[in-house]
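Asks: What follows is a protein structure lacking sequence information:
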């Protein structure tokens, strides 16, 4: 193996000549551009993640509202069939809705022992709002 003496075989740049990574003025114009691109990509991914979480929160709240309304309507209709007064049946529906994380909005009983319930459930993310659902239980109309 042959040793190359210092200065031989190496490339020397003339003083003041632009380097391959620098522009003609000697400054690095591209420096930090990858950082800006990465920050932009991270920002877009973060916005998409938050948006996705908001949609998921709304869907979960909707499902919870439908389940709570169905259960409350069935409970109120069962109370009416047992002979309970409409006020007691609606109070029972409110209790069932409350146990399922919903608030009872309306409860209407009909003479045919059917009941219509409307409930509202807050979404887990505060900016999404409330999900509401309506359910009817009783004999077919």
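Replies: Great, that's in hand. The structure displayed is predicted, hence computed values, not measured ones. Numbering: from 1, shown residues only.
Asks: For residue 42, give its distance to residue 48.
Replies: Residue 42 sits at a distance of 11 Å from residue 48 (criterion: CB to CB, to the nearest Å). No exception for glycine: its C-beta is placed from N, CA and C like everyone else's.
Asks: tell me what the longest helix belonging to the chain is packed against?
Replies: The helix that spans the most residues within the chain, counting by DSSP state H, is helix 33-81. Helix 33-81 sits against helix 86-99, strand 103-109, strand 115-122, strand 130-137, with contacts defined as 3 or more CB pairs under 8 Å, 6 or more residues apart in numbering; DSSP states H and E.
Asks: burial measure for residue 104, as a count.
Replies: By the measure other CB atoms under 10 Å, the count of residues near residue 104 is 21.
Asks: count of residues packed around the closest residue to it other than its chain neighbours?
Replies: In space, and not counting its chain neighbours, residue 104 is closest to residue 94: 4.1 Å by CB to CB, 6 or more residues apart in numbering. As a burial measure, residue 94 scores 20 neighbours (other CB under 10 Å).
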